[in-house]
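Asks: Just a sequence and a predicted model for now, questions to come.
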Amino acid sequence: FLGSALAQELNERGRTDLIVVDDVDHPEKEKNIASITYHELIGKDAFLKNIPNLKSMEAIIHMGACSSTTEMNQNFLTKNNYDYTRRLATCALEKDIRFIYASSAATYGNGEAGYCDDESKLHILKPLNPYGESKHKLDLWAEEQGIFDRIVGLKYFNVFGPNEYHKEDMQSMVRKGFLQARDTSKIFLFKSYRKEYENGGQERDFLYIKDAVKMTLFFLDHTDVGGIFNIGAGRARNWNDLATTIFRAMGREPQIQYIEMPESIRDQYQYHTCAEIKKIRDIGYTQPLSSLEEGIIDYVKNYLLPNKRLGH
């Protein structure tokens with residue numbers, strides 16, 4: 001998803017000297033990279049094994065992970081999300097290669113400790129699920145190793161947009177909502193189980209993929225910057241706003257139906273997330289960010305309705 005979007009943008013910049021690392025185990029993934037020009041495609045295990053032999057590599061942008069917030073196999077998550085990233089970071093540092101990796105807003109848990117991307121406050125965060133814990137473990141390791149002056153960890157909030165079609169249940173609610181509206185004329189949202197939030201009033205920091213790409217590549221361009229940074233829009237919007245905008249982009253009247261939230265996720269469900277983005281602004285990222293409406297309308301009209309993806 002994000003990896004293919006980054007590769008597409010690097011191509012737009014004239015960079016084709018890319019090594020694309022993915023197991024490409026889904027036909028939609030094949031479509032995502034079909035229009036990308038790159039030097040080599042390699043599986044993730046083979047890449048890690050071959051890093052010692054690679055020469056003159058400028059940067060590693062590591063976006064890969066198991067991102068399922070309902071995955072309960074902690075051994076799998078530790079191996080895939082923590083061990084792999086730690087080994088990759090260690091190799092990159094040894095070879096003086098720029099290293100940028102994906103952390104997650106899931107590390108903030110229920111938000112009681114805030115959404116501040118200050119490395120010194122990492123120890124007070126309490127993720128709500130094993131996925132968030134696996135990402136948090138890597139952040140803590142990097143802080144303990146004292147390497148955040150040389151690497152960058154990016155805490156992505158709710159990123160949505162073209163090229164997410166292979167993510168199945170982990171697709172954004174924009175894509176899911178579009179399919180629901182197209183097929184049933186309704187969008188289904190979870191009921192609220194907290195009195196301070198109406199049904200569909202639970203809030204997220206939604207970020208359009210095109211903004212996420214620009215924010216990520218800022219750290220490729222500014223190699224003197226290190227640390228943890230939030231990658232979000234800096235504003236919270238609710239699911240009702242999202243659903244209404246999808247219908248509007250499709251030229252339809254909104255029909256929202258509220259459904260019971262599975263008990264298995266009620267205790268780990270985030271009711272509010274909002275990135276503090278002062279830190280990335282303070283180091284010089286000045287690009288304006290799309291509103292929720294601008295992002296959804298572009299996504300629906302230019303990609304979902306005509307069944308297109310980035311670069312096509």
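Replies: Perfect, thanks for sending it. Remember, it's a predicted structure, so these values are computed and weren't measured experimentally.
Asks: Spell out, range by range, the helices that occur in the stretch 151-300 of the chain.
Replies: 173-184, 209-221, 239-250, 263-266, 278-282, 292-299 (DSSP state H, counting those that start in this stretch).
Asks: Those: which one's closest to Glu133?
Replies: helix 263-266 (15.4 Å; C-beta to C-beta). Just so you know, the C-beta spots here come from the backbone N, C-alpha and C atoms, and that holds for glycine as well.
Asks: hang on, isn't Leu10 packed against Ile19?
Replies: No - with contacts counted by C-beta atoms under 8 Å, Leu10 stays clear of Ile19, the gap being 11.5 Å.
Asks: And Asn238, how far from Ala34?
Replies: Asn238 is 36 Å from Ala34, where distance means C-beta to C-beta, to the nearest Å.
Asks: Next: Ala7.
Replies: From Ala7 to Ala34 the distance is 11 Å (C-beta to C-beta).
Asks: what's the answer for Ala212, then?
Replies: For Ala212, the distance to Ala34 - C-beta to C-beta - is 21 Å.
Asks: Comparing those two, which shows the higher neighbour count?
Replies: Between Ala212 and Ala34, Ala212 has the larger neighbour count (other C-beta atoms under 10 Å), namely 24 against 11.
Asks: Name the nearest residue to the more buried one, ignoring sequence neighbours.
Replies: Distance criterion C-beta to C-beta, 6 or more residues apart in numbering; nearest residue to Ala212, sequence neighbours excluded, is Val159 at 4.8 Å.
Asks: partner residues bridging that neighbour?
Replies: Assessed by DSSP bridges, Val159 has beta-bridge partners Leu207.
Asks: Can you verify my assumption that it contacts Ser172?
Replies: Yes - using C-beta under 8 Å, Val159 makes contact with Ser172 at a distance of 7.3 Å.
Asks: Who has more neighbours out of those two?
Replies: Comparing Val159 with Ser172 by other C-beta under 10 Å, the one with more neighbours is Val159, at 24 against 21.
Asks: What spatial separation is found between that one and Asp149?
Replies: Distance of Val159 to Asp149, computed by C-beta to C-beta: 26 Å.
Asks: Also Gln202?
Replies: 37 Å.
Asks: just Gly3 next, same as before
Replies: Taken as C-beta to C-beta, the span from Gly3 to Asp149 is 25 Å.
Asks: Can you pick out the residue with more neighbours from the two?
Replies: In this comparison of Gly3 against Asp149, neighbours counted by other C-beta under 10 Å, the higher total goes to Gly3 at 20 against 10.
Asks: Remind me which helix or strand the more buried one belongs to.
Replies: helix 2-12 (DSSP states H and E).
Asks: Tell me what angle that helix forms with helix 209-221.
Replies: 70 degrees (axes from the mean of the first three to the mean of the last three C-alpha atoms, to 10 degrees).
Asks: Name the residues of helix 2-12 that come out as buried.
Replies: Leu2, Gly3, Ser4, Ala5, Leu6, Ala7, Gln8, Glu9, Leu10, Asn11 (16 or more other C-beta atoms under 10 Å).
Asks: ok, so of those residues, who is nearest Cys274?
Replies: For these, the nearest to Cys274 is Leu2 (20.3 Å; C-beta to C-beta).
Asks: ok, now how distant is that closest one from Ile246?
Replies: From Leu2 to Ile246 the distance is 21 Å (C-beta to C-beta).
Asks: Likewise for Ser172?
Replies: Taking C-beta to C-beta, one finds Ser172 at 11 Å from Ile246.
Asks: again with Phe99
Replies: The value you get for Phe99 to Ile246, if C-beta to C-beta is used, is 37 Å.
Asks: same deal with Ala5?
Replies: 20 Å.
Asks: With Gly3 instead?
Replies: For Gly3, the distance to Ile246 - C-beta to C-beta - is 25 Å.
Asks: now Asp169
Replies: 18 Å.
Asks: Provide a list of residues in contact with Glu119.
Replies: When contacts are counted by C-beta atoms under 8 Å, 6 or more residues apart in numbering, Glu119 touches Asp139, Glu143, Phe148, Gly227, Ile228.
Asks: what about the second one, which helix or strand?
Replies: Think Glu143. helix 130-145.
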